[in-house]
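**Student:** fold the stuff below for me.
(2 chains)
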Amino acid sequence: MNGLVIPSIHYLAILPVLIFFGASLLLLVVSALVDTKVTIYFATAITSLTAVATVVVAFFQWSYVANHGASTTVAHAVVLDGFAVVGTVVVAVGVLLSSLVAHDWAKRERIAGADFHILALASSAGALLMVSANDLIVIFLGLEILSIGLYVLVGFDRHRVTSAEASLKYFLLGGFASAIFIYGAALVYGATGSTNLGSIAYFLSNNVVLHPGLLYAGGALLLIGFAFKVAAVPFHLWSPDVYEGAPTPVTGFMASVVKVGAFAALLRVLISALGTQLDTWRPILFVMIIATCIVGAVVALVQRNVKRLLAYSSINQAGFMLLGVWSGSARGVAATLFYVLSYAPVVIATFAVVTLVGGRGDELHSIDHYRGLARRQPWLGGALTVLLLSQLGAPLTVGFYAKYTVLAATIDSGGGALALVAIITAAIAAYFYLRWAMWLYADDDVEATRVAVPTSTGVVIGVGVIVAILFGLWPGPLVAWCQHATLLFLP
Amino acid sequence: MHSSIYLTVLIVVPLLGALIAALVQKTPGLSYVVAVVTSCVELALALVVAVLYSPHVKGAGTWDFMSRHVLSAPLGLAYDVGLDGISLLMMVLTALVLVLALFGARDRRQEAAFVGWLLLLTSFTMASFLSHDVLEFFIFFELTLVPSYFLISGWGGAQRSRAALKFFIYTFTGSAFLFIGILYLGFLNQHQTQGALTFSYSALQGASMTHGTAVWLFLAFAVAFAVKSPIFPFHTWSPITYAEAPTAGSIELSALLAKLGSYGLLRFAVGLFPLALATLRPLILTLAVISILYGSLVACATPDLKRLVAYSSLAQMGFITLGIITGSKIAMVGAVLLMFNHGVITAGFFLIIGFLEKRRGSYQIKDMKGLQGPAPVFAAIFTVVMLASIGLPGLSGFVSEYLILIGTFGTHAWWGAAATLGVVAAAAYLLWAYQRVFQGKATGANAEIADANAKERWVLVPVVVLIVALGVFPHPVLDRISPSVNQLIHHVAPAGVKK
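**Tutor:** I've put the predicted structure just below:
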């Protein structure tokens, strides 16, 4: 033994993570030195710049992958493939949009300093690590980095008790989920002799596991850990409370960036590493998807708080994303990727509107506050209508094609019944999306104040609407990109 | 073959109209003018296409104006339009109904939005009828929900929100089955051909499947279309929706959108899964007959004119379904013709009822009495429309119902006999309604209502002309329908269909 061997590192693969960490540290230092009044502008600028730089890096990554194929680095712990590149882009866009919303929100709430951006950047670095992780330990690292930042972000609004409560709840349950996850990783290591996803897959395809109990237990615990993060039923109970309690821009961040990271890692673990055990985990996922879709849609029907409503709506949407995982095919992976990719901007924009209507103090979240909004402010109300229609899955919005791709993948893999249940829950979900939309156009007999729309939040809402409509009219390139990315998925 | 440009223009013109109407919304009344001009252009164009249509195109059967552009290969998404004798009538009806709705049921509240939604609805409906691709049809079929929803919830009666929501959820749920069915069929075909994913109608017609699969897929398709039509027992959304919708909305819904259901049943359920037909025929025929009898009975008892027409529509849709499913060629031709005739007749009903409501402020039969004294023109036109609906020889309803019943008697005599009772019941409830509304001595407000003004008369002229013309001289239309129905029957033939 001659000491520690440093593995060779292909820096292009981990450049996005490094950029995000670097930006986070930079902000941390600068915010300590600069006057707090300027800090907020500086922080937003740096975050935006970081996101843009990451997209540029992703472009180079893409051309590298296209030329050289998928590859691993850092002793096979990190992977650079088409899938990771798309995931990186989604995270970057998600952070960019969330930080723009948070910028106006922080000004409105008179929150000085760059804390939000520092935490969001660090947290997103975790998500970036998760999308490119090829090792259970690295996934765990990503998960923890992602979560720790989020625990603080959720409790960011110190003036509201619900925020602190949500933070504590999220911390306790999240910590629990992490423990379950790492326990599962340990068991899988025990069963297969490796934590590397590639090695696990190699072991399982070349050996017959005579006593698979350990493997099954490990796999199940990993699945539970992920189910917590994506809020799949029955591990969803934290999400309505946390969505409601967290500051609204943070909720938008959670519904988008966290989902990207969690789903990317989930896909890698189930399809890359445990692909040979398809028949074992599929039935579990089958039940989980049905429960997730139904609970999300049905419980949302009785919500009057729009943040809780959106929490259940996003549980329902998570059920749809899981459909692509269930199908276990390249088509399914591409479909889930496309779903996450198209859902992220739409849901952030939706929460941006909720942030605005929430008003100072972030408390006006009853559906009553939306009464007549579209009559007073046709543009804002119209934008929210489009965003809701997209989540509903109406044609000519990107949400339709998102549902289309996952359902197609499910049916292609023989899951006709599952697809039928899922789409019927979408019809149930249509009820609450439409009821909300209807409030927007109701006669406003109540004297309500106009909702101010600051520039950067307006831009975010605009981006969400443009994504919803543009790719609803013209989904071809985006779908083809996701399929292409999946072809470059490391098997 | 003619260029598909015609059909594309038919779809795009209302879209452009809606856009321009939105742009000029600041000037009062201008958006209405834009919409009216658009609708006239659309109708003129539809008539031109109807005249140009040739049912004998080499290599395409009775399809004309075809072209196919693949938009996204991985999604199997394509822009694929075509016109045959069956969609031809629906195309004309779409344009005609828009004109009637705009002229006869103008709504001045937020006019730009109102006409905008109407134009969008027309464009989407037109595109559904012109689609030669099942997925494309589905997308536009679903899309029609959005403008209809906003029309009902924005301009409807007191319970409009509930009605709009009920309408949307019912149809959306029905479509869920259709969606899964379409995807399943697409992949079935892809696995067989080992080619690209396609939803082209003609490609899917060639997919082979087991009898069981065909039955399940047929059911999945039929549920969606039965909700849309509506057919008993999926009709429960329709009375409240028709009643609460603004007049223009009721016209669009019952005259036009309901036809999307029967059109889909004929074109896609029957056309794609002929194998299932033999098994499911008794079930669907029974449901159709129940719709006829149940709709007629409830229509007798309903105190509200709009609901009366809604239930009468249920009965009429039952006749259409009967004609589609029974499997005789004559009945099928009659069904296609009735789809058009019923559109014109219901539009006429809803227009007159709308005009009366404007004067009396109510749809209740008990609020009206002896209107034929002060309003003889309304009474006369109502009589024509009513008699057409009952099926008086010489008027359009007769030809189509007669063809359906003759065909049904030839293949399924018992169901035919039961359905004939519906004709009798129709005479009962309509004549009784006429008696209560128009006959007797008008007193109070009823005596003072004004008769139809010039504009209202002009709107009703095309309705009356079409009712009489198609009753006396239906041949030009029948000649255009028959080749396409023949072609469909030929494809369906293995399922025991009589030529």
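**Student:** what count of nearby residues applies to A:Leu285?
**Tutor:** Neighbour count of A:Leu285, defined by other C-beta atoms under 10 Å in any protein chain shown: 23. Where you see a C-beta, it was placed from the backbone N, CA and C, and this is true even at glycine.
**Student:** any part of the helix or strand where it lies near chain B?
**Tutor:** Element membership for A:Leu285, per DSSP states H and E: helix A:278-300. No - Helix A:278-300 lies out of reach of chain B by C-beta under 8 Å from any C-beta of the partner chain, never closer than 11.7 Å.
**Student:** next structured bit after that helix?
**Tutor:** Sequence-wise, the next helix or strand downstream of helix A:278-300 (DSSP H and E) is helix A:306-327.
**Student:** and the angle for that following helix with helix A:278-300?
**Tutor:** Calculated by axes from the mean of the first three to the mean of the last three C-alpha atoms, to 10 degrees, helix A:306-327 forms an angle of 160 degrees with helix A:278-300.
**Student:** helices or strands up against helix A:306-327?
**Tutor:** Helix A:306-327 sits against helix A:213-230, helix A:238-245, helix A:248-253, helix A:259-267, helix A:278-300, helix A:330-358, helix A:398-412, helix A:416-440, with contacts defined as 3 or more C-beta pairs under 8 Å, 6 or more residues apart in numbering or on different chains; DSSP states H and E.
**Student:** tell me the helices and strands packed up against the first one.
**Tutor:** This means helix A:213-230. helix A:136-154, helix A:161-192, helix A:259-267, helix A:278-300, helix A:306-327.
**Student:** packing partners of the shortest one?
**Tutor:** Under the contact definition 3+ C-beta pairs under 8 Å, 6+ apart, helix A:259-267 sits against helix A:82-108, helix A:115-131, helix A:136-154, helix A:213-230, helix A:306-327, helix A:330-358.
**Student:** other residues contacting it?
**Tutor:** A:83-84, A:87, A:90-91, A:94, A:126-128, A:130-131, A:133, A:139, A:142-143, A:146, A:226, A:229-230, A:314, A:318, A:321, A:325, A:333, A:336-337, A:340, A:343-344 (C-beta atoms under 8 Å, 6 or more residues apart in numbering or on different chains).
**Student:** quick one, it and helix A:278-300 angle?
**Tutor:** 150 degrees.
**Student:** just want the angle from helix A:259-267 to helix A:330-358.
**Tutor:** Counting by the same axes, to 10 degrees, helix A:259-267 lies at 160 degrees to helix A:330-358.
**Student:** pull the CA coordinates from helix A:259-267 and hand them back as CSV.
**Tutor:** C-alpha atoms of helix A:259-267 as CSV (Å, rounded to 0.1, in the frame of the first residue of the first chain):
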residue,chain,number,x,y,z
LYS,A,259,-38.1,16.6,-7.4
VAL,A,260,-35.6,16.7,-10.2
GLY,A,261,-32.8,15.5,-7.9
ALA,A,262,-34.8,12.8,-6.3
PHE,A,263,-36.3,11.5,-9.5
ALA,A,264,-33.0,11.4,-11.3
ALA,A,265,-31.4,9.4,-8.5
LEU,A,266,-34.4,7.2,-8.2
LEU,A,267,-34.3,6.4,-11.9
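**Student:** now that helix and helix A:161-192, what's the angle there?
**Tutor:** Put simply, helix A:259-267 runs at 20 degrees to helix A:161-192, going by the same axes, to 10 degrees.
**Student:** ok, the last one next?
**Tutor:** Regarding helix A:306-327 and helix A:161-192, their directions subtend 10 degrees when assessed with the same axes, to 10 degrees.
**Student:** can you give me the mean pLDDT across helix A:306-327?
**Tutor:** Averaged across helix A:306-327, the pLDDT comes to 94.
**Student:** quick one: the strands in the stretch 1-150 of chain B, in order.
**Tutor:** B:64-72, B:77-83 (DSSP state E, counting those that start in this stretch).
**Student:** for A:Lys37, find the nearest of those.
**Tutor:** strand B:64-72 (49.3 Å; C-beta to C-beta).
**Student:** touching chain A at all, the closest one?
**Tutor:** Yes - for strand B:64-72, a contact with chain A is found by C-beta under 8 Å from any C-beta, at B:Leu71, B:Ser72.
**Student:** quick check: residues of the stretch 51-200 of chain B near chain A?
**Tutor:** For the stretch 51-200 of chain B, the residues found near chain A under the criterion C-beta under 8 Å from any C-beta are B:71-75, B:77, B:139-140, B:142-143, B:145-146, B:149-150, B:153-154, B:161, B:164-165, B:168-169, B:172-173, B:175-177, B:179-180, B:183-184, B:186-187.
**Student:** buried ones from the residues you listed, can you make that a PyMOL selection?
**Tutor:** Of these, the buried ones go into a single PyMOL selection, burial set by 16 or more other C-beta atoms under 10 Å in any protein chain shown:
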select buried, chain B and resi 72+74+75+77+139+140+142+143+145+146+149+150+153+154+161+164+165+168+169+172+173+175+176+177+179+180+183+184+186+187
